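S.K.: Predicted model, plus sequence, below.
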Amino acid sequence: MSARSNSTYGHHGHAELPQEVIVAIQRILELNPENQNDPLNVLSNEFNPIDMLNQLFPDEASLSQLETIQTRLSQNERDLQREIDALKEELRRDQDPNRMQMIQEMISDLLGQMSRIREKATESEAVVRDITKDIQALDLAKKNLILSMTTLKRLQMLVNALTQLEDQAKEKRYGDVSQTLAAVKQISASFKPYTSVHRINQVWKRVQQIQGEIRTQLEAEFDAFYLQDPAKPSKPAQIIDACAVADVLGPDVRRHLIDRYVALELKEYRRIFRATDEAGHLDNISRRYAWFRRVLGTHELELGRVFPSEWKVGWVLFTKFVAITRDDLAALLSKAGSSLTIKALLEALQQTIEFESSMAKKWLTPLNEILEAGSPPSSAPIQSMSSAFEPHLGVFVDAQDKALADMLAAHRVSTSKGKPRTSLDATPRASLSTDADAAPPQTVLSSSTELFYFYGQSLEQCAKLSTGQTLFDLCMLHKKWLRIYAEDVLAPRSKRPTTQTRRSMDSRFDVTDLQQAGLVINTADYCQTTALELEENIKEKIQDAFKEKVTLQAERDLFMSAISVSITTLLRELEAACEGAFTTMSRMSWEKLNQVTGQSSYVDDLAQAVESFCEIIKPLIEQKKYLRNFFDKACSLVLMKFTNAVVKSRPLREIGGEQLLIDLGVVKSYLMRLPGEALVTQGYTRSLTKSTTRLEALLKVIVTPVDPPEGFILNYTLLIGDASFSNFQKILDLKGTPKTEQNSLLDSFLTITSTKADLDSTSFLSALDMDPPLTLGATLGSPGSSRVTLPLSTTPGSDSIFGSLGSPPLSGPPTGSSTDGSASRGLEPTQKREVFSDIRRFVTFGLRRSETLPTS
């Protein structure tokens, strides 16, 4: 049945209905394909009869329903045929030619009726327009008549008001004049469009003429009031009414009257305080301000009482005084030139600032708003008198520079001698003893607190004088002396004298150097912290135009560099303290040991030296972050020295390796307890454990017997984890394996490791230097040269112990010598040492500088 269906479908498969036909059929038959559950009721070109048959007969058992399904399909076919016949009949009736002709005739009649209605509407509109034409003309005439009557009435009112205004002006009844004049100006404004009419133009000119006459009369009235004869005093009430008239006339009249009054009030000031007279000199500036206070007081008690408060005549009087005085001050300061003393300048400026502040406080208004309101409308705002001192305040900054130079002269280093002066030790310090009566050690250098106290005082003083260019210049001066303090005061204290030498067995350390380094660390930390506060304080006070230029980051970095150098000094002293124990370790005959006897004697000496050194350091450094940094580097230093001593002690043999494993465990336990509970960190513990674990792996390979070779090599690959020929050679050298046995072991190593593809080509042994330096002093010389590869570290840099030996992880880039390896090695270009793989060696060649440099 399926085959037959396939052939039938293939025969009729080309008969497809267009999509628009399907959509039209669905719309006519009101079919919704989304709600059809029967696939037979869906009109689609994607109908598949095979899928339909499979749906009706899903299995062989369903063939028993064949007759039922056939009957249902036949019934559906009959129903569809009846529906098709009904639709055909309906279509035949709708397509009757007689009916279509009747419909077309009805449409033609309808269009004719619409045309006749349109014509009737046009005729009706014309009739209505003719009827209302006379009414519209009457409305327009009425409107024009009303406007003419209103205009004539206003004209009559204006003429009457002008006559009344003339009489009032002649009688000086200014109270009535102000009201009448306001009415005249308001009414006359409506006649401006009609000035082409001769009569109205005459009235308009008369209005302007009367205003000019009143203005002239007011000016004479005010002049008489300003210069009144005490025997014939003017009436204040009349002047008050005159002020109202001036307001009506306009702001230009009001400003002219005020300027006239101010000029008369300050006329005497110009005469008394001429720059050529003694009263006009800079040292008599207080007399200027006293004179103005008296004038202002007289103004407020006498003449100024007649002016309306909104005129702000007092502000205008003050602004004009400021303009005159500022010009005089600028001329006096420029004339003084280099002869101007800082004392005279600051006294004059202080008096000026106090006077301006008192005026602003008197009127409860900022000074700039007073000057802006009192300035002429057509000009820029008048600047304050204190701004005239701005170009000459360089004298103040120079005075601060000289004061700082004098204050720090005793604490700076003489560049000619290259060593600190005696005055560097600001306060005698008690030695570190157990005496209960001993004075507490000095925390920071007193010169640093004096410096920042001076900074605070000068900043407050300068902010009162100027918050513009002068304050920025003072900031630059602060930057200069912070840099000088870091380079000339702190830096020499953090450098150890190069003339000191120690014997290799001398485990004592210089307590004075420790005290000095701790003092520098505390002082530098105080300076960089306070410098940040100083920067924020300056930004709060300075003008917005200079805020972005204010920064002390470079100076803070110098202080951080001083901290780094001081920590390096402490590490150098620690190395000297441990040198005796490590020298003893390297001189022991490890190959001759017959048995393991517990920890070696040098371990106790080492632990005692490190612990005593750190116990002295702890109370000297205030900030725990620097102590933690020191202990991280101290741990790295001890392990590095231990590793170098192991390399120098070869051959070790199996018994020697076992003894060193015990010693390493004891050293690890000492180092784990070294910082104390308050200072130990997870990073410290993790780094210590990682480094000692790798060193233990090295010693365990040394302890392993070479017989059988396969077992020895397998243990190497498990503990070390690489297939490096050179690294295996190092192990043989450390064990002291005879040369005759090494060749066979190396051949076996190559054979075995060639089959182990999972082994790396390098490991932590790749950085192991088989010819380590005597001391690490060359590496600890400067923070910038502290790029020492960490011992027993697979990743040179981040995982290594000595990766940051010279500088703590603090803010700011480290400063110091170059990190270029060739520059720090101290070797001739032709010299060559054993290098294993392309990974950095265990100890950088920079450590060998101490061997090649001559002793000074």
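M.R.: Arrived safely. Numbering: from 1, shown residues only.

S.K.: Buried ones in stretch 472-481, by neighbour count?
M.R.: Neighbour counts using 16 or more other CB atoms under 10 Å place Phe472, Asp473, Leu474, Cys475, Leu477, His478, Lys479, Trp481 of stretch 472-481 among the buried residues. Every C-beta, even on glycine, is put in place using the N, C-alpha and C of the backbone.

S.K.: Just these: which are in helices?
M.R.: Counting by DSSP state H, the buried residues of stretch 472-481 place Phe472, Asp473, Leu474, Cys475, Leu477, His478, Lys479, Trp481 in helices.

S.K.: show me where pLDDT drops low in the stretch 651-800 of the chain?
M.R.: 774-800 (pLDDT under 70).

S.K.: picking up where we left off before, same list (the buried residues of stretch 472-481) but as CSV, adding pLDDT and distance to Ser447.
M.R.: Below are the buried residues of stretch 472-481 laid out as CSV (pLDDT from 0 to 100; distance: CB to CB, whole Å):
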residue, pLDDT, distance to Ser447
Phe472, 91, 26
Asp473, 91, 24
Leu474, 91, 20
Cys475, 92, 21
Leu477, 92, 17
His478, 93, 15
Lys479, 93, 18
Trp481, 94, 11
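
S.K.: quick one: which of the ones in helices among the buried residues of stretch 472-481 is nearest Val207?
M.R.: Set against Val207, the nearest of those by CB to CB is Phe472 (58.7 Å).

S.K.: my guess is Phe613 meets Glu573, correct?
M.R.: Yes - between Phe613 and Glu573 there is a contact under CB atoms under 8 Å: 7.2 Å.

S.K.: Give me the neighbour count for Lys641.
M.R.: 23 (other CB atoms under 10 Å).

S.K.: Next secondary structure element downstream of the helix or strand containing it?
M.R.: Secondary structure assigned from DSSP states H and E places Lys641 in helix 624-648. Next in sequence after helix 624-648, counting helices and strands by DSSP H and E, comes helix 653-673.

S.K.: so what secondary structure elements neighbour that following helix?
M.R.: Secondary-structure packing of helix 653-673 (3 or more CB pairs under 8 Å, 6 or more residues apart in numbering; DSSP states H and E): helix 601-617, helix 624-648, helix 682-703, helix 725-735.

S.K.: 6 Å - rerun?
M.R.: Applying 3 or more CB pairs under 6 Å, 6 or more residues apart in numbering; DSSP states H and E, we find helix 653-673 packed against helix 601-617, helix 682-703.

S.K.: for those helices, which one sits closest to Arg288?
M.R.: That would be helix 601-617 among the helices and strands packed on helix 653-673, by CB to CB, at 64.2 Å.

S.K.: Tell me how many other residues crowd the residue nearest to Pro651 when sequence neighbours are not counted.
M.R.: Closest residue to Pro651 apart from its sequence neighbours, by CB to CB, 6 or more residues apart in numbering: Gly736 at 2.1 Å. The tally of other residues near Gly736 (other CB under 10 Å) stands at 15.

S.K.: Next, the contact list for Gly736, please.
M.R.: When contacts are counted by CB atoms under 6 Å, 6 or more residues apart in numbering, Gly736 touches Glu591, Pro651, Arg653.

S.K.: any idea which of those is the one closest to Leu181?
M.R.: Out of those, the member with the shortest distance to Leu181 (by CB to CB) is Pro651, at 121.9 Å.

S.K.: Quick check: that closest one vs Leu695, distance?
M.R.: Distance of Pro651 to Leu695, given as CB to CB, to the nearest Å: 18 Å.

S.K.: Check Thr163 too.
M.R.: Distance from Thr163 to Leu695, by CB to CB: 120 Å.

S.K.: Same drill for these two, tell me which one is more crowded.
M.R.: Leu695 (22 against 10).

S.K.: For the spatially most central residue of the chain, give me its contacts.
M.R.: With distances taken as CA atoms, centre = their mean, Glu548 lies nearest the centre of the chain, 10.4 Å away. Contacts for Glu548 (CB under 6 Å, 6+ apart) come out as none.

S.K.: Tell me the predicted confidence for it.
M.R.: Per-residue pLDDT puts Glu548 at 92.

S.K.: for Met149, same thing?
M.R.: For Met149, the pLDDT comes out at 85.

S.K.: what about it, neighbour count?
M.R.: Other residues close to Met149 by other CB under 10 Å number 10.

S.K.: Phi and psi next, for it.
M.R.: phi -60, psi -40 (degrees, to the nearest 10).

S.K.: out of the ones in helices among the buried residues of stretch 472-481, who's nearest Lys361?
M.R.: Distance to Lys361, by CB to CB, is smallest for Leu474 among these, at 26.6 Å.

S.K.: what about the residue lying closest to the closest one once chain neighbours are set aside, how many neighbours?
M.R.: Sequence neighbours aside, Cys462 is the residue nearest to Leu474 in space, at 4.9 Å (criterion: CB to CB, 6+ apart). A count of nearby residues for Cys462, using other CB under 10 Å, gives 24.

S.K.: Was I right to think Ile200 contacts Pro193?
M.R.: No - between Ile200 and Pro193 there is no contact under CB atoms under 6 Å: 9.5 Å.

S.K.: ok, the two, which is more surrounded?
M.R.: Higher neighbour count among Ile200 and Pro193: Ile200, with 18 against 9, using other CB under 10 Å.

S.K.: Could you list every helix and strand that the helix or strand hosting the more buried one packs against?
M.R.: Assigned by DSSP H and E, Ile200 belongs to helix 198-226. Secondary-structure packing of helix 198-226 (3+ CB pairs under 6 Å, 6+ apart): helix 97-170, helix 236-249, helix 251-265.

S.K.: What angle do helix 198-226 and the first one make with each other?
M.R.: Angular relation of helix 97-170 and helix 198-226 on a 0 to 180 degree scale: 50 degrees, by axes from the mean of the first three to the mean of the last three CA atoms, to 10 degrees.

S.K.: distance of Arg82 from Asn76?
M.R.: Arg82 is 11 Å from Asn76, where distance means CB to CB.

S.K.: higher neighbour count, the two?
M.R.: Neighbours per residue, other CB under 10 Å: of Arg82 and Asn76, the larger number sits with Asn76, 13 against 10.

S.K.: Pull the number of nearby residues for His256.
M.R.: By other CB under 10 Å, neighbour count at His256 equals 17.

S.K.: who touches it in this structure?
M.R.: His256 neighbours (CB under 6 Å, 6+ apart): none.

S.K.: try it again with 8 Å
M.R.: By CB atoms under 8 Å, 6 or more residues apart in numbering, the contact list for His256 reads Glu219.

S.K.: just Asp663 next, same as before
M.R.: Taking CB under 8 Å, 6+ apart, one finds Met585, Gln599, Ser600, Tyr602, Val603 in contact with Asp663.
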